[in-house]
Structure formats: C-alpha cells, structure tokens
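Participant: 3D, please:
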Amino acid sequence: MKHFFCLLSLTVAISCLAERPNIILCMADDLGWGDVGFNGNEVVITPELDEMARSGLRFERFYAAAPVCSPTRGSVLTGRHPSRYGIPTANQGHLHRDEISIAEVLKMHGYRTGHFGKWHLGTLAPDYSGKNNRNPEKNYMTPGMSGFDEWFSTEYSVSTWDPYSPDNAHNGITDPRVLFYHNGRNIVDGPAEGLVGDTAKMVMDKAVGFMEGAVRSDRPFLAVIWFHAPHLPVVGGPEFLAMYPNLDENTQHYYAVITAVDRQMGRLRTLLREWGVADNTMLCFTADNGPEGNPGKRGRSQGSAGPFRGRKRSLYEGGVRVPGLIEWPARIEAGSETSVSAVTSDYFPTVLEILGYNLPEAVRRPYDGFSLMPIIEGERFARPSPIGFQGHGLATLNDNRFKLVHNPGKKRQRHDNGSTPVAEWELYDLLEDLGETKNIIDQHPSLADRMREQLQAWQASCEASANGADY
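Facilitator: Numbers count the residues shown, from 1 in each chain. Next up, the predicted model:
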C-alpha cells in the first residue's frame, strides 16, 4: 500500500507552490495545561507564547491523543488514534511502515520536510535502543523512513541542558546513541560539534537552518519541532534559573526549562517575520500529554494541570488536555479563541484541506481527526463526532460538553468504607464540572447509553485497524 502511495506521488500536479503555507508543528514534552501564562499561570515566564496566543488562535480544549508521549506523536503525523498503528504506549512498537505520514503527503506536494528534536516513534539505529523493552531491529523507524528530508533527532527524551554531559544522562545511560542523530549519523562527540547548553536551542538551531534554506530556495516547508522540555531530566540553564530567584530549587529548574522553550519560540516567530514568510506560515504549538508526577508534583516534576483532574498517564482531563495555539496571520484573526474540542489527530486532515487534496481510495483508512479549517477561518463549527481515547486502563469519549469514562478495573472495587461499589462507567459535564468530580451518569441514562454505543463502536474500529485491516 505504501508502495502504491509512493508511485501515486509521481503523478500529483504541483501548482501555485508559492501560495501554499509553510507548516510548523511545535510540541513541548510533558507540559501541563497550567504551565503557560496564556492559560493563567502567573509565575511562569512565557512572554513569547503569550504573545503568540494574543496574535493567533487559542484553544480552551485542545487534547493530546494519548496521556503519554509516543502515541500522541504518531497521531500528529497520521491523523489516527495510536491504537490503530502499533504504538499503544510509550517505548513500545514503532510507527507502522504502511502508515501515510503528514511529511509524505506534503513532500508529494513539493514541500521540504524536516524533523527536529524528540522522535520516539521507533529506534534510530537497527542495532541499538536505549529502552530495554524495545527490540531495535524490529522497531527500527527513523524520521527519514517516514518522509522527512532532513532530521536532527533523538530516540526519546534527553536532558534539557548539556545532554552530552554524563552528569545529566537520562537514566544514567551515557552511550551517545541515546542522543542526537543527524540524517542517520549518530553525533558521538556533541561538544565538539557545538552541542552544549540549552537543548531547546540545539533543536531550534538545526530547524532554523533547514527553514532558512527552504525560504531561500522558494520552497514551502514542513518543520516538525518537538522539544524535550519539560520532560525529565529537568536541568535549567543559569540564565533561566536566575529568572526565578524566589522559588525552591525544583520549581526553579522546572520553570527555567519552560522559559527556555519560550525563548526559542520567540526566536522562531521573529525569524519568520524577518524572512517575510510569517503571514503565510501556519505555526502550531501544543504538548504531548499532561504534566509528569503521580499523584501530584514531585522532585523536578512541578507541572500543573490547572483545574483538571489527573496528570500524565491518566485519561482524565489533566492527562490529555494540553496547551494549544495556532498562529497564521494571513488566515487567523488576532485574539481568536475557541471552546470547541480539538486533538492532535486533527493536524493531518487540516493539512489535507489546506492542500485541497483527498487521499486516493486505495490508501484511505479510518481517520480520527477532523480539519480545523472552519475554526481557523472563524466559522461556527461543532465537532462532527466525539473524540475517543483509550489506554492505561481507561477508555473515554469526549464530545463538546459531556465525557463518558469506562474504567473496567473498577468492577469489583469498593469505596474506602467497603460498602458501596465504585462505578465502572462515569459521565461528566465538562462545562459545569471541570475537575470531573460529579458522576452524573444516573441523571442521564439515555445519553450515557448512546455514548457507550459510540465508544464501543470506535473501539471495535481501532481493534480492526490494529489487526491489520487498514493495510
């Protein structure tokens, strides 16, 4: 099927490339909904992201497709839920080779494509993985194998400061193969190649070079920029630590690495204006899941899920509701906001609509995202169907108001007093109950039954995809 798609790409007519927008998809790692100024945090210093929110479109309800990193990242590239394409959770599996990625589609339409930062959708070498539970040969899948012309990437998270220093090694692993690869070449001696200091800057340095080259050659581009912060190891640089003199050490480091990402987002926005391409660039920013720490903050995992229940690895709102911004001056009115639910799977169909391109019948498969163009263009829009989530022991269905939760593990559990069974099914009104504290399923039996049928039908579709029905 992928071979057919590659042959098809040779027949696509490329026209008006200069009018096609550049696409930049930025993502922070483990950044909570409440970890940015534009969502109400009055301590963290994020002036560039706050300005981006004022200049573009802010989502009140933007979701990561999963409560952990790898699955969400795959949803960005494919428009599909992670259970469909072989990555049920972090550090397992790889992006299926027959999946059609956003990079392949854009490349087919004349775009230059680049990936920079954390990959986490497969191993970067066929003979090594830093994760003991991942078979490197079986799960070998690099950005270059998924449609990216240029890539500067790590298999998974690395330290947010001086990642080549043994003092900052993730899980104590000092093998350079856990660190950066540039177009397949493992960078063994990072300091010799200038890879010192802020990891977010290292990533942006490479992305900037790629984007500037595309602009100079008058080519539209896709840049996927996936920062490592604020994922562990959380190490703040001196300049950024000094911005938080009155906080405890752990919180200083946590906020410092967020401000370092904010600095690079500001650098990117400034350069887009200097290159004269800002108006014709769709710049997106989000996170891959909620903040680390269970059941709450600990060590340098000091993130905030805002008013929401749950954190990373949870399908309650705090685990999947994340910051969401899109800036596109030519198409989005400054100061726009929406309360319509959106998810990382929506990027792929949004790009297809921008291109005016429909996938051929032979390679179509179930997609879980919807185009965000109506929201971008300020039109009234209701999501055609709810967003399904599953994993980590739960399954949920989110529509624009209500959320159904299925927790099969609670069947035989009881409350602390040992007398009252815990509900296996829960229903929440997310407009009235942000913290998911009041299970109202008994008040809305018909609604719950309808949503249960929708959830189960969606799960059956995902299972069929996972069993190979789509390829």
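
Participant: what about R380, neighbour count?
Facilitator: Close neighbours of R380, defined as other C-beta atoms under 10 Å, add up to 7. For the C-beta atoms, the positions are set from N, CA and C on the backbone; glycine is no exception.

Participant: how about it: what's its closest non-neighbour residue?
Facilitator: The spatial neighbour of R380 that comes closest, neighbours along the chain excluded (C-beta to C-beta, 6 or more residues apart in numbering), is P374 at 7.7 Å.

Participant: how close does P238 sit to D35?
Facilitator: Using C-beta to C-beta, to the nearest Å, P238 is found at 21 Å from D35.

Participant: neighbour count winner among those two?
Facilitator: A side-by-side neighbour count of P238 and D35, using other C-beta under 10 Å, places D35 first with 27 against 9.

Participant: the spatially most central residue of the chain and K206, how far apart?
Facilitator: Ranked by distance to the mean C-alpha position of the chain (C-alpha atoms, centre = their mean), the top residue is D288 at 3.7 Å. Using C-beta to C-beta, D288 is found at 20 Å from K206.

Participant: remind me which helix or strand the residue nearest to N168 when sequence neighbours are not counted belongs to.
Facilitator: In space, and not counting its chain neighbours, N168 is closest to S159: 3.6 Å by C-beta to C-beta, 6+ apart. Assignment of secondary structure by DSSP states H and E places S159 within no helix or strand.

Participant: ok, S159 - contacts?
Facilitator: Taking C-beta atoms under 8 Å, 6 or more residues apart in numbering as the contact definition, S159 lies against 165, 168-170, 199, 228, 233, 235.

Participant: got a PyMOL select line for the buried ones in these?
Facilitator: To isolate the buried ones among those in PyMOL, judged by 16 or more other C-beta atoms under 10 Å, type:
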select buried, resi 168+169+170+199+228+233+235
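
Participant: quick check, nearest of the contacts of S159 to D30?
Facilitator: H228 (9.4 Å; C-beta to C-beta).

Participant: what segments of the stretch 101-250 of the chain are strands?
Facilitator: Secondary structure of the stretch 101-250 of the chain (DSSP state E, counting those that start in this stretch): strands at 112-118, 150-154, 181-182, 185-186, 221-226.

Participant: next, format these as JSON lines and append mean neighbour count, mean pLDDT and distance to A66.
Facilitator: Below are the strands of the stretch 101-250 of the chain laid out as JSON lines (neighbours: other C-beta atoms under 10 Å; pLDDT from 0 to 100; distance: least, C-beta to C-beta, whole Å):
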{"stretch": "strand 112-118", "mean neighbour count": "27", "mean pLDDT": "98", "distance to A66": "15"}
{"stretch": "strand 150-154", "mean neighbour count": "24", "mean pLDDT": "98", "distance to A66": "20"}
{"stretch": "strand 181-182", "mean neighbour count": "18", "mean pLDDT": "98", "distance to A66": "24"}
{"stretch": "strand 185-186", "mean neighbour count": "12", "mean pLDDT": "98", "distance to A66": "28"}
{"stretch": "strand 221-226", "mean neighbour count": "27", "mean pLDDT": "98", "distance to A66": "15"}
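
Participant: okay, those strands in TSV with distance to P126 next?
Facilitator: Below are those laid out as TSV (distance: least, C-beta to C-beta, whole Å):
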stretch	distance to P126
strand 112-118	18
strand 150-154	15
strand 181-182	12
strand 185-186	12
strand 221-226	22
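
Participant: closest to N41 out of those strands?
Facilitator: strand 221-226 (21.9 Å).

Participant: got the angle for that closest one vs strand 112-118?
Facilitator: Put simply, strand 221-226 runs at 10 degrees to strand 112-118, going by axes from the mean of the first three to the mean of the last three C-alpha atoms, to 10 degrees.

Participant: can you list the domain ranges for this protein.
Facilitator: 2-13+22-376, 393-466 (automatic domain parsing).
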